[in-house]
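Trainee: Generate a structure from the sequence data that follows.
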Amino acid sequence: MSNAKERKHAKKMRNQPTNVTLSSGFAADRGGKHHNGGGKPFPAQKHELHSGTSRQRQTKITPHSLPEPDGNEQSSSKVMFRKKGGWKAGPEGTAQEIPKYITASTFAQARAAEISAMLKAVTQKSSNSLVFQTLPRHMRRRAMSHNVKRLPRRLQEIAQKEAEKAVHQKKEHSKNKCHKARRCHINRMLEFNRRQRKNIWLETHIWHAKRFHMVKRWGYCLGERPTVKSHRACYRAMTHRCLLQDLSYYCCLELKGKEEEILQALSQMCSIDTGLTFAAVHCLSGKRQGRLVLYRANKYPRELLGPVTFIWKSQRTPGDTLGIRQLWIWLHPTLKQDILEELKAVCQCTDPFKSAICIPDSLLVSSQEKSQTELPDEKIGKKRKRKDDGENAKPIKKVIGDGTRDPCLPYSWISPATGIIINDLTMEMNRFRLIGPLSTSILTEALKTASVHTGEEDTEKIPHCWWSEACKNPDSVSLHHRQQAIFELLGGIASPAEIPAGTILGLTVGDPRINLPQKKFKALTNPEKCQDKESIRQLLLEGVPVECAHSFIWNQDICKSVTENKISDQDLNRMRSELLVPGSQLILGPHESKIPVLLIQQPGKVTGEDRRGWGSGWDVLLPKGWGMAFWIPFIYRGARVGGLKETVVHSQYKRSPNIPGDFPDCPAGILFAEEQAKNLLEKYKRRPPAKRPNYVKLGTLAPFCCPWEQLTQDWESRVQAHEDSSEASSPNGKESDLRRHEVPYTSTSEKTSQPSDELGTSRNHPGEPEEVMDTECQGQAGPERVVGQEVSENHVASTGGQLCVLRSRILLKQLSAWCGPSSENSRAAWRAPSRGQQGLTREACLSILGRFPRALVWVSLSLLRKGSPEPHTMICIPTEEDFLQLHKDRHCCGPQESKHSDLFKSKILKQKEKKKKEKRQTRGCAASEGLAGRDPPARQGALTQGLWSGPLPRVTSHCSRVLLGFVTQGDFSMAAGCGEALGFVSLTGLLNMLCNQPAAQRGLVLLRPPTSLQYRFARIAIEV
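Mentor: Below you'll find the model as predicted:
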């Protein structure tokens, strides 16, 4: 028998009892007899029957160990031979004789022992596998592992015993923890507080993190876009329903002091030329919200700081004008630092001022948090018991507000000269924005005005003492009832766009969690609720009265009390569970929380003539700590939530610039453009050259950024050079300037300033840019150009010489009238002079260029045919041949750019060959020589196949169509049904184009994406 079979045989026989022997005679002693003549067994045999022998397991049986035949044995016995397959009987051996008679008791006792051994072997497992694993594979089922009845009947009892063993029993989980809590951190609040030290979390962060793609931007963790496909759904919500956004990341700066001092300081940072200022009548009274753009002190129209919105605290009494006023300035977080420093400079606020908001109580770290955060490194990540879980343990406070604030730094400043106090109220309030026609209905359904205290309650036991004190004043109660009546009137208004822009309404509401419905539903406008048509008409015409704009949210002490005395969700749910009728209304009476809020109307689209009021809604200001208490009720009334992407879409459909990307003359806008170009360049380099566009062949100089400085400089030098050349060629010709579109094609080789590099390099290659110029554009450099350049430089030096964006409303209205097509019989031919505006003449253009030599103009573009523009799309001027082609074929898409030659391809190939050659040469050199040989490839590493390397040539004349500007926002518009884009064009180029185009085709331009050679016609418009 082979070793494997022996081991298998021994494994089978290991559970056999010692008193069982084989009948083949192998266990008998050599030469021994099984019986004597008297029929009694030998003593040795008798001993075997009772005690058993282990001779079978101790000796290996071979043919030589067989018992020799005896004379008394029969001749028919056989010998067992060891053959290939086991033991076989042979004719040469003999077997044992069957006894003639046996003892019954002894025989029965031996058989009983065998039966018990057999039953034990059957019931006892011989391996570690389960019962269902012993079945053939075709009989196994997955349910057998947990359902015994799936097994055959003969194995069910054994499987049941296996299932009852402790090894297969499930571990008992802790009764006081649910499955979700056991998977979380040992102290979830402590972990959340730790994670908010680098990036600020909004109060709705956890809700957003489960449903949105989160990004870390501007020092915050914000939701970029929903995880579900919702682009069209969000547009439908903004158009027909309601879209909800959390704008709590916007910063708030408070100015407190005398009204005259504040207005005198802020007048240096704004100009009435751009629109209303801080001294606007409706805004100064606190009745409306205002919006404007801030500049550095006395630097208009250059050195922009950014756009802001502001709110004045309303005057409750007419004699309160000479008292202390409060002003809130709301701005984007990227603009905060620059504007704050400029405000401190103009207000002369240099001394830090100790304020109650400098170190909020929620930001103080308890001793328990400090002890756990200072643990050694080897204990990090391991579960540990808290040592202060006793009665003296201090609960960890949740971070509410700005968790990154340093308590040692000042957040309030005071001016010793003027007495103005500047407070940084960032993250001290929540700001939610509801966009859409149903936003008013959602507000009226979710918010219920607070009930007035009658005075019968004990004020000491009520946590909201400030409301009890306010209810004791009859004037406050009367004002509260007036605010409640106006708020109820809003429920009968179809759209927030019907209310005057920027209307402010102050309210004090109850806890919105108490009125939370059981299921979500869509709140609809119900005009039947408001039968007072006269009051609604007066509200739509005059807006909210000044007195009703008052709110207790201006008082920081009241806001702090409201935040600290908020009833927790756990206590509120416990009270609900104790109701006699489950699901009934929970009535807290005077113990219900009272929250001061401020409602601000957002006008939506206010420029242009189409879709007026689109995207209007309401902004809700509420104290910190109450974010989720208002967020969930708004969602349960039918609001859909949007992120940063929806903010960009909202501004695009309103045709308003987005912050900060659409402010190229602002430091925050410049930084944003640099980061965007860096990210796009890294994404471009990650793809192989064969799988990415070659922008050099496509004629795209700057595919990832917009060179605004070089664009304005090129246009200024081109027009000046053309004027000088036209005066030299025809001194008496007064109508020759600004009349030929071929002029931009001349004089393209000079540079008026240091050119910019799209890839961020500063190497000078004087011979490279001229290689891509057209041959007809290279021979127009003469003395006239030098003179023109000197005149231009002197003029720019006198006016500032810095890039700016035209924001003068008078000039924008004039340009808007010029951009539209007109004819002799049309209304546009005479409407401009009737409004007091000048016609499109040489004197008018020169007067505008004299004030703004290097300026950009914000424009909107609408494609005439198919096409979807994208960011960094080039805006170009069509030629006469393009107009003729469009006149012949109205369905013409546009001309096509010819493919350019790649001038850097040979340089890249030479660089690769040189690198290979140096690698072969330095293969056997020392390490120092190898490092020296790697320097030249490092210098030439900026060359990227498909991108223009080195200083950019003239961007205006690089292609066959003259470049006018770039697109910053663009996509297919679901509102217009065609492609729409927003961007900037050069003011000088725009005036040149309008003067050269025919009146009937004025305002037509060409758009070409950076990855395409196809131009498409579009209509340009300036909306004011």
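
Trainee: Every contact and neighbour count from this point should use C-alpha atoms.
Mentor: Will do.

Trainee: where do the strands sit along the stretch 451-600 of the chain?
Mentor: 504-510, 594-602 (DSSP state E, counting those that start in this stretch).

Trainee: tell me what the lengthiest strand in the chain is packed against?
Mentor: In the chain, taking DSSP state E as the definition, the longest strand is strand 962-973. When contacts are defined as 3 or more CA pairs under 8 Å, 6 or more residues apart in numbering; DSSP states H and E, strand 962-973 packs onto helix 644-654, strand 874-877, strand 978-986.

Trainee: Mind checking those for the one nearest to Pro633?
Mentor: Counting by CA to CA, Pro633 lies closest to helix 644-654 out of those; the figure is 21.0 Å.

Trainee: Outside of that closest one itself, which residues are in contact with it?
Mentor: 222-225, 234, 604-607, 614-615, 657-658, 969-970, 973, 975, 982 (CA atoms under 8 Å, 6 or more residues apart in numbering).

Trainee: can you give me the angle that helix makes with strand 978-986?
Mentor: 80 degrees (axes from the mean of the first three to the mean of the last three CA atoms, to 10 degrees).

Trainee: Following element in sequence after helix 644-654, please.
Mentor: As assigned by DSSP states H and E, the chain's next helix or strand after helix 644-654 is helix 667-685.

Trainee: Quick check: buried residues in that following helix?
Mentor: 667-670, 672-674, 677-678, 681, 684 (16 or more other CA atoms under 10 Å).

Trainee: Per-residue pLDDT of the nearest residue to Gly946 once chain neighbours are set aside, please?
Mentor: If the residues on either side of it in the chain are set aside, Gly946 comes closest to Asn694, at 3.9 Å by CA to CA, 6 or more residues apart in numbering. Note on Asn694: pLDDT of 90.

Trainee: what's near enough to touch Asn694?
Mentor: Shown in contact with Asn694 (CA under 8 Å, 6+ apart): 945-947.

Trainee: what do you get for Pro527?
Mentor: Taking CA under 8 Å, 6+ apart as the test, what Pro527 contacts is 491-494.

Trainee: of all those residues, which comes closest to Cys283?
Mentor: Proximity of the contacts of Pro527 to Cys283, judged by CA to CA, is greatest for Ile493, which lies at 23.5 Å.

Trainee: and that closest one, how many neighbours?
Mentor: 21 (other CA atoms under 10 Å).

Trainee: swap in His453?
Mentor: Around His453 there are 17 residues (other CA under 10 Å).

Trainee: Can you give me every residue that contacts the nearest residue to Ser808 once chain neighbours are set aside?
Mentor: Residue nearest to Ser808 in three dimensions, not counting chain neighbours: Thr274, with 4.8 Å by CA to CA, 6+ apart. Thr274 makes contacts with 292-293, 807-809, as judged by CA under 8 Å, 6+ apart.

Trainee: same deal with Tyr636?
Mentor: So Tyr636 contacts 516-517, 519-522 (CA under 8 Å, 6+ apart).

Trainee: Among those residues, name the buried ones.
Mentor: Leu516.

Trainee: From the contacts of Tyr636, pick the one nearest Phe107.
Mentor: Using CA to CA, those come closest to Phe107 at Lys519, 82.1 Å.

Trainee: Now do the closest one, the pLDDT please.
Mentor: For Lys519, pLDDT reads 88.

Trainee: Ramachandran angles for it?
Mentor: phi -130, psi 160 (degrees, to the nearest 10).

Trainee: In space, not sequence, find me the middle residue of the protein.
Mentor: Glu224 (2.1 Å; CA atoms, centre = their mean).

Trainee: so that one, which of the three states?
Mentor: strand (DSSP: H, G, I helix; E, B strand; the rest coil).

Trainee: Assess the claim that it and Arg211 are in contact.
Mentor: No - the pair Glu224 / Arg211 is not scored as a contact, 10.4 Å apart, by CA atoms under 8 Å.

Trainee: a strand runs through Pro416, doesn't it?
Mentor: No - counting by three-state DSSP, Pro416 falls outside a strand, being coil.

Trainee: which residues does it contact?
Mentor: Pro416 touches 348-349, 351, counting by CA under 8 Å, 6+ apart.

Trainee: Wait, a helix at Arg1019?
Mentor: No - Arg1019 is assigned strand when assessed by three-state DSSP, not a helix.

Trainee: can you list the domains in the protein?
Mentor: 188-233, 234-248+429-453+462-574+591-641, 249-350+400-426, 657-717+803-820+839-902+945-1023 (the TED database).

Trainee: In JSON lines: those, plus distance to Ser105.
Mentor: Putting the domains of the chain into JSON lines (distance: least, CA to CA, whole Å) gives the following:
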{"stretch": "domain 188-233", "distance to Ser105": "76"}
{"stretch": "domain 234-248+429-453+462-574+591-641", "distance to Ser105": "78"}
{"stretch": "domain 249-350+400-426", "distance to Ser105": "91"}
{"stretch": "domain 657-717+803-820+839-902+945-1023", "distance to Ser105": "92"}
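
Trainee: longest single helix anywhere in this structure?
Mentor: helix 708-729 (DSSP state H).

Trainee: Show me what counts as buried in that one.
Mentor: 708-727.

Trainee: most neighbours, which of the contacts of Asn694?
Mentor: That'd be Leu947 among the contacts of Asn694, by other CA under 10 Å, with 24 neighbours.

Trainee: Mind checking which of the contacts of Thr274 land in helices?
Mentor: Reading helices off the contacts of Thr274 with DSSP H, I get Arg809.

Trainee: export the contacts of Thr274 to CSV and tack on pLDDT?
Mentor: Formatted as CSV, these follow (pLDDT from 0 to 100):
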residue, pLDDT
Leu292, 93
Val293, 94
Arg807, 93
Ser808, 92
Arg809, 92
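
Trainee: could you flag which of the contacts of Thr274 are buried?
Mentor: 292-293, 807.

Trainee: contacting residues around Gln896?
Mentor: 1013-1015.

Trainee: How about residues contacting stretch 574-591?
Mentor: With contact meaning CA under 8 Å, 6+ apart, stretch 574-591 is reached by 453, 457, 462-464, 514-515, 518.

Trainee: For that stretch, measure first residue to last.
Mentor: This stretch, stretch 574-591, spans 15 Å end to end (CA to CA, to the nearest Å).

Trainee: and that stretch, which residues are buried?
Mentor: Residues of stretch 574-591 classed as buried by neighbour count (16+ other CA under 10 Å): 576, 586, 590.

Trainee: Quickly name whichever of those is closest to Gln531.
Mentor: Closest to Gln531 out of the buried residues of stretch 574-591 is Leu586 (29.9 Å), distances taken as CA to CA.

Trainee: Show the pLDDT at the closest one.
Mentor: 87.

Trainee: And for Leu1007?
Mentor: 94.

Trainee: swap in the one 3 residues further on?
Mentor: Per-residue confidence (pLDDT) for Pro1010: 93.

Trainee: can you start the count at 825 instead of 1 from here on
Mentor: Fine by me, first position is 825 from now on; the one you just mentioned is Pro1834.

Trainee: That one contacts Leu1522, doesn't it?
Mentor: Yes - Pro1834 is within contact range of Leu1522, at 7.4 Å (criterion: CA under 8 Å).

Trainee: Double-check Trp1682 against Val1809; I have them as touching.
Mentor: Yes - taking CA under 8 Å as the definition, Trp1682 is a contact partner of Val1809 at 6.9 Å.

Trainee: ok, now how distant is the residue nearest to Phe1790 when sequence neighbours are not counted from Val1791?
Mentor: Leaving aside its sequence neighbours, Phe1790 sits nearest to Met1698 (CA to CA, 6+ apart; 4.8 Å). To Val1791, Met1698 is 6 Å away according to CA to CA.

Trainee: same deal with Leu1412?
Mentor: 56 Å.

Trainee: packing partners for the one helix or strand Phe1256 maps to?
Mentor: Following DSSP H and E, one finds Phe1256 within strand 1253-1259. Contacting strand 1253-1259 under the criterion 3+ CA pairs under 8 Å, 6+ apart are the following elements: strand 1067-1070, strand 1441-1447.

Trainee: I'd like these as JSON lines, with distance to Ile1391 appended.
Mentor: Output for these, formatted as JSON lines (distance: least, CA to CA, whole Å):
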{"stretch": "strand 1067-1070", "distance to Ile1391": "22"}
{"stretch": "strand 1441-1447", "distance to Ile1391": "14"}
